[in-house]
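> sequence first, then the predicted structure:
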Amino acid sequence: MIPTRNRWPVLSTSALPSALAQESVEHEIVIVDEGSSDATSAGLSSFEGPRLRVVRHESAQGVARARNAGIAVARGAWIAFLDDDDLWAPLKLRSQLDAAAARNASFAYTAAAWLDERKHFLHALAPPDPEGLDLRLLRWNEIWAGCSNVIVRTEVIRRLGGFDEHLFQLADWDLWIRLAFDGRAAAVDDVLVGYVLHPQSMLLTDRRDVFAEFRYLTEKHRGLAAGTGAGPDAAKFWRWVAAGHLRAGRRGAAARTYAQGARVSRDPRLLLRALAARFGMRGVEAARAIAREVRGDDPAKLSLDEPDWIKRYRE
C-alpha cells in the first residue's frame, strides 16, 4: 500500500516498479492518491487492473488517514507498507511471509539500506531482534524505514485500529508499539528495503509540532511504560530531530535543537553535539563516536557492499 501526492516522477521510478516486480507472491498494489494535481492520475490510469487499485482523495488527508484508507480496502491476508520514493528487493514480500510463517508472527520486517537522493548506497542497518522488541519499542522506534518495511496481518491491524490519525510524524512508531505488545514479530536479516534519505522529509517540511506528538505518544503509552519500567527516550528523540536539520544543511537549527534537548533530557552528550553541529555532519559524526564510547546505543551498520537489486533503480 503506497500513499502519494504530486510525486509521479518518484512514484513511477521507485515504489511502483519495485512493488510490481515482487516475485513468488500473489499481491495487489493499493495506491492512495492524496489529491494529486500532477501527472499521477493519468500515469496510474495506464496501470489500473487486477494488480493495481487506486483510492483517490480530493485533497490531502495526511499520511495516517491515507494509510488507513488503504487498509480499509485491502483484500489480502497481509498488508505491506511502502513510501512512494523507497524501494523493495524482488523477494522482499516472499521472504517476510516465510519468516512470519516460521515464527507464527503477526508482523515482520527486514534489514534496510540507506540511500542518497540518487539512490546510491550509503550503508545498511540490521533488523532489531524480535525478542524483547516490545519493551525496546517503548523506548525508541527501532524498526528502520518502518513504513516501507513492515508487513502485518490484515485482521490484526484492523483490530488494532490502524494508524492513530492524531499523529503524523510518529504514527508508525505508535503502531509498531501496539503490534509488538499484541503479538509476535519476525525479522529477515537480508537487506530487502531501500530507504531514500533526502532534505525534504516530512520532519522538515511539515509545520506541525513534532514535540507535541512526542508528548502525545508518551502519554498514550504511559500505562505500558509504568508497567514495564520502560518509556520513550527523550534525549534520543531530540537527537533525531536535530539530525534531520543537519541533513537539510541547517546547522544553526540543529545546534539549537541539540542544546534544547540537553536541557530537557538532562543529557550532557547533547551539548557536545550542539557544539559539533556547527561543523556539519562530520562534526556530529565525531561527537557521536565519542558518545558511543560512553553508551553504545546507536544502531550497528552492516559491513556489506551495495545489494545488486538496488542498482536497477539508479537514476
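Okay, I see it. Residues are numbered from 1 along each chain as shown.

> which residues does residue 121 contact?
The contact partners of residue 121, taken as C-beta atoms under 8 Å, 6 or more residues apart in numbering, are 113-115, 305-307, 310. (Each C-beta comes from the backbone N, C-alpha and C, glycine too.)

> now, among these, which is nearest to residue 246?
Closest approach between the contacts of residue 121 and residue 246, by C-beta to C-beta: residue 114, at 14.5 Å.

> about what we covered before: buried ones among the contacts of residue 121?
113-115, 306-307, 310 (16 or more other C-beta atoms under 10 Å).

> show only the entries of the contacts of residue 121 found in strands.
113-115 (DSSP state E).

> just the closest of these to residue 238, please.
For these, the nearest to residue 238 is residue 114 (20.9 Å; C-beta to C-beta).

> what pairs with the closest one across the strands?
On the basis of DSSP bridges, residue 114 is bridged to residue 123, residue 195.

> pLDDT weak spots in the stretch 201-315 of the chain?
201-208, 279-300, 315 (pLDDT under 70).

> now the ones in strands among the contacts of residue 121 in TSV, with distance to residue 227 and pLDDT?
Formatted as TSV, the ones in strands among the contacts of residue 121 follow (distance: C-beta to C-beta, whole Å; pLDDT from 0 to 100):
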residue	distance to residue 227	pLDDT
113	36	96
114	34	93
115	39	94
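
> want to throw those into CSV with distance to residue 230?
Formatted as CSV, those follow (distance: C-beta to C-beta, whole Å):
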residue, distance to residue 230
113, 29
114, 27
115, 32
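
> span of stretch 43-50 from start to end?
16 Å (C-alpha to C-alpha, to the nearest Å).

> starting at the chain centroid, how far to it?
Counting by C-alpha atoms, centre = their mean, to the nearest Å, stretch 43-50 is centred 26 Å from the centre of its parent chain.

> list of residues touching it?
So stretch 43-50 is contacted by 8, 11-12, 16, 28, 31, 33, 52, 54 (C-beta under 8 Å, 6+ apart).

> and these, which of them are in strands?
31, 33, 52, 54.

> can you give me the strands for the stretch 51-200 of the chain?
52-57, 78-80, 87-88, 107-115, 121-125, 151-153, 185-196 (DSSP state E, counting those that start in this stretch).

> what pairs with the third one, parallel or antiparallel?
When pairs are called by DSSP bridges, strand 87-88 turns out to pair with strand 185-196 (antiparallel).
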